[in-house]
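Q: A structural model of the following input is requested.
(one chain, ligands or ions: 2)
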Amino acid sequence: MYPVILNLKNKPVVVIGGGKVAARKIKGLVRSEARVTVVSPSLDPSIDLATINWVPRTYQPTDLLEACLIFACVDDNEINEQIQLDASPTQWVNVVSNKEVADFYNMAVLDYDGLSIGISTNGVSPSRAKQTRKQLEIWLKEQNEV
Ligand SMILES: C[C@@]1(CC(=O)O)C2=NC(=C\c3[nH]c(c(CCC(=O)O)c3CC(=O)O)Cc3[nH]c(c(CC(=O)O)c3CCC(=O)O)/C=C3\N/C(=C\2)[C@@H](CCC(=O)O)[C@]3(C)CC(=O)O)/[C@H]1CCC(=O)O
Ligand SMILES: NC(=O)c1ccc[n+]([C@@H]2O[C@H](COP(=O)([O-])OP(=O)(O)OC[C@H]3O[C@@H](n4cnc5c(N)ncnc54)[C@H](O)[C@@H]3O)[C@@H](O)[C@H]2O)c1
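A: Numbers count the residues shown, from 1 in each chain. Ligands and ions are numbered 1, 2, ... in the order given. Have a look, this model is predicted:
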């Protein structure tokens, strides 16, 4: 794995599926000012319609054409894997239901006092990454109190 921090401002990103996991990924994408299109028949209520372009239907391969990053967030791993196969080899696909076929992983991110700290377990244990983010935040706050 090769860690980077991406400048996604105005970059076209497509998210297939609009459920709970998609909502978490979309939050970070909107914060980074990416141009986010979501293809999904339904949307989680936490997704703010004003921040995305919603295509209210099921996935079609042509949905991928313009995107530099693709998030396959459907609750059906077969469809997610098909999305990875439909993408061009020059596109980057995050497959939320199968790390073996994903081109990249998201990190747990702690933004603290001008720092952005990304935590990865290289796909092994996302819940450990989340737990470590929380512990690190407590530790950093304690350091600042002394
Ligand atoms: C860090 C975080 C960032 C984010 O999502 O932005 C993130 N997952 C988070 C939460 C979380 N994910 C899961 C649970 C349920 C508990 C559990 O099973 O552990 C929880 C906990 C929760 O939801 O509370 C389940 C899960 N996750 C993946 C699979 C599929 C697989 O492993 O193949 C399955 C099984 C699905 C199933 O059973 O079907 C896959 C991935 N999840 C990753 C990232 C990438 C590797 C990160 C790394 O290297 O550590 C990777 C490979 C791809 C990706 O999604 O990018 C975010 C915490 C953000 C935060 O709070 O800070
Ligand atoms: N990577 C992670 O962080 C992580 C964490 C937990 C679960 N998961 C995985 O993510 C998957 C999705 O979980 P969820 O909780 O978001 O599910 P969910 O049921 O909340 O959302 C699924 C979404 O997919 C949409 N959808 C269904 N068929 C579609 C199609 N053909 N085209 C486009 N959209 C379609 C639905 O309308 C819905 O919006 C789970 O199956 C699980 O394997 C991943």
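Q: what comes into contact with the helix ranked longest in the chain?
A: Across the chain, the helix with the greatest residue count (assigned by DSSP state H) is helix 126-145. Residues lying outside helix 126-145 but in contact with it, judged by CB atoms under 8 Å, 6 or more residues apart in numbering, are 107-110, 112-113, 117, 119-121. Using the backbone N, CA and C atoms, a C-beta is placed for each residue, glycine as well.
Q: could you redo these as JSON lines and give each row pLDDT, distance to ligand 2 and neighbour count?
A: Formatted as JSON lines, the contacts of helix 126-145 follow (pLDDT from 0 to 100; distance: CB to the nearest ligand atom, whole Å; neighbours: other CB atoms under 10 Å):
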{"residue": "107", "pLDDT": "98", "distance to ligand 2": "11", "neighbour count": "18"}
{"residue": "108", "pLDDT": "98", "distance to ligand 2": "10", "neighbour count": "19"}
{"residue": "109", "pLDDT": "97", "distance to ligand 2": "13", "neighbour count": "15"}
{"residue": "110", "pLDDT": "97", "distance to ligand 2": "17", "neighbour count": "17"}
{"residue": "112", "pLDDT": "95", "distance to ligand 2": "22", "neighbour count": "13"}
{"residue": "113", "pLDDT": "94", "distance to ligand 2": "26", "neighbour count": "7"}
{"residue": "117", "pLDDT": "97", "distance to ligand 2": "18", "neighbour count": "15"}
{"residue": "119", "pLDDT": "98", "distance to ligand 2": "14", "neighbour count": "17"}
{"residue": "120", "pLDDT": "98", "distance to ligand 2": "12", "neighbour count": "15"}
{"residue": "121", "pLDDT": "98", "distance to ligand 2": "12", "neighbour count": "15"}
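Q: Tell me which two of those sit farthest apart.
A: When the contacts of helix 126-145 are compared pair by pair using CB to CB, the two farthest from each other are 113 and 121, 24.2 Å apart.
Q: Residue 13 falls within a strand, correct?
A: Yes - the assignment for residue 13 by DSSP: H, G, I helix; E, B strand; the rest coil puts it in a strand.
Q: What is the neighbour count of it?
A: By other CB atoms under 10 Å, the residues close to residue 13 number 25.
Q: how much space between it and ligand 2?
A: Distance of residue 13 to ligand 2, computed by CB to the nearest ligand atom, to the nearest Å: 15 Å.
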